[in-house]
Structure formats: structure tokens, C-alpha cells
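Engineer: Got a predicted structure here, sequence first:
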Amino acid sequence: MAKTIKTIEQERAAQAWEDVADVSAGQRKEYRSRVLSAAALIQTNGLAQMLAFLRTKKGADNQLADQLSSWVKDQLYPDKPTRPADDLDKILRDHNSDTLRLATREALAYLQWLRRFAQSQILIEDSSANNDALTEGAVGQ
């Protein structure tokens, strides 16, 4: 069987789908909230600073930092044997501004997919409760 060649967008989408699905039930609401604000944090503070901020937190924030770091590092170093063992945070601190710009651009592109899937897979409990109440009211009439 011939191997299907995927575009980078398809690869981003597939990994983002898995990453959102891996979030535990107790952290889903917090994760969704952070994913929705992550791009703004990067644009305001920078990728390295946003990752450092997320790493100071626990739970969903730390999980998002790990997911972003893993994806961006894989894109910066696609050849696994030559990939440095350092965390992305250290790589960004030690490399030039071109590497930082490339990593930031990739993180923002990946976050678009995380955002889409977080919005579609993680429903806010309040809105689903409101929808249920509206549905019940319409049925009762």
C-alpha cells in the first residue's frame, strides 16, 4: 500500500486532535481557557516568556506547555537523531532570533489547530446547561 503524504497542516491537525483528546476530564475547562488565550500571550510577551509562565503553573497549563514544546521542537529538528535533549525553553534562550521567530510562527500555527479542537471538543458546562434549559422550555410549550 502506498504511503500517504500529509501536508504540514494535516500533521498539525492530527497532532492537535490527539493533544486535546489527551486532556483529562478534570482539566478540560482550564485547558480550553488557556488554549484560547495562548496566542495572545505569545504575541504580547513572546514564546519563551509564555512557556516559562505556563511552566510555573500546574495541571492544564503545564500540559499545554509540554504539547507546544514537543510540537515546535519536532518541527525545528525533524531529524530525531540530531535533536538536542534540551527543553524548548533552553533552545530558545540559546539560539539566534531567526530560530525564535521560526519557533514562534510554528507555535502560533499549531495553536490555531489546538484552539479549533478545544472549542469543538471541550464544551463549556454553562453553555450546555443553558442550551438544555432552553430546549426543555421549548419542549414544554
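Structural biologist: In hand now; what should we look at?

Engineer: all contacts plus neighbour counts: C-alpha atoms, from now on.
Structural biologist: Noted.

Engineer: Other residues contacting the helix of greatest length in the chain?
Structural biologist: The longest helix of the chain (DSSP state H) is helix 97-121. Contact with helix 97-121 is made by 12-13, 16-17, 19-21, 32, 35-36, 38-39, 42, 46-47, 68, 71-73, 75-76, 92, as judged by Cα atoms under 8 Å, 6 or more residues apart in numbering.

Engineer: Tell me the secondary structure at Lys3.
Structural biologist: Following DSSP: H, G, I helix; E, B strand; the rest coil, the label given to Lys3 is coil.

Engineer: Would you mind measuring from it to Pro78?
Structural biologist: 18 Å (Cα to Cα, to the nearest Å).

Engineer: okay, the two: which has more neighbours?
Structural biologist: In this view Lys3 and Pro78 are compared by other Cα atoms under 10 Å, and Pro78 has more residues nearby, 11 against 5.

Engineer: Low-confidence stretches in the chain?
Structural biologist: Scanning the chain for pLDDT under 70 picks out 1-2, 81-85, 124-141.

Engineer: Return the set of buried residues in the longest helix of the chain.
Structural biologist: For helix 97-121, burial by neighbour count (16 or more other Cα atoms under 10 Å) applies to 100, 103-104, 106-108, 110-119.

Engineer: How about stretch 63-77?
Structural biologist: Here stretch 63-77 shows Gln63, Leu64, Ala65, Asp66, Gln67, Leu68, Ser69, Trp71, Val72, Lys73 as buried, counting by 16+ other Cα under 10 Å.

Engineer: now swap in stretch 42-61 and tell me
Structural biologist: Across stretch 42-61, burial judged by 16+ other Cα under 10 Å covers Ile42, Leu47, Ala48, Met50, Leu51, Leu54, Arg55, Gly59, Ala60, Asp61.

Engineer: mind giving me a markdown table with those residues and columns for secondary structure and distance to Leu123?
Structural biologist: Shown next, in a markdown table, are the buried residues of stretch 42-61 (DSSP: H, G, I helix; E, B strand; the rest coil; distance: Cα to Cα, whole Å):
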| residue | secondary structure | distance to Leu123 |
| --- | --- | --- |
| Ile42 | helix | 24 |
| Leu47 | helix | 27 |
| Ala48 | helix | 29 |
| Met50 | helix | 25 |
| Leu51 | helix | 25 |
| Leu54 | helix | 22 |
| Arg55 | helix | 25 |
| Gly59 | coil | 19 |
| Ala60 | helix | 16 |
| Asp61 | helix | 18 |
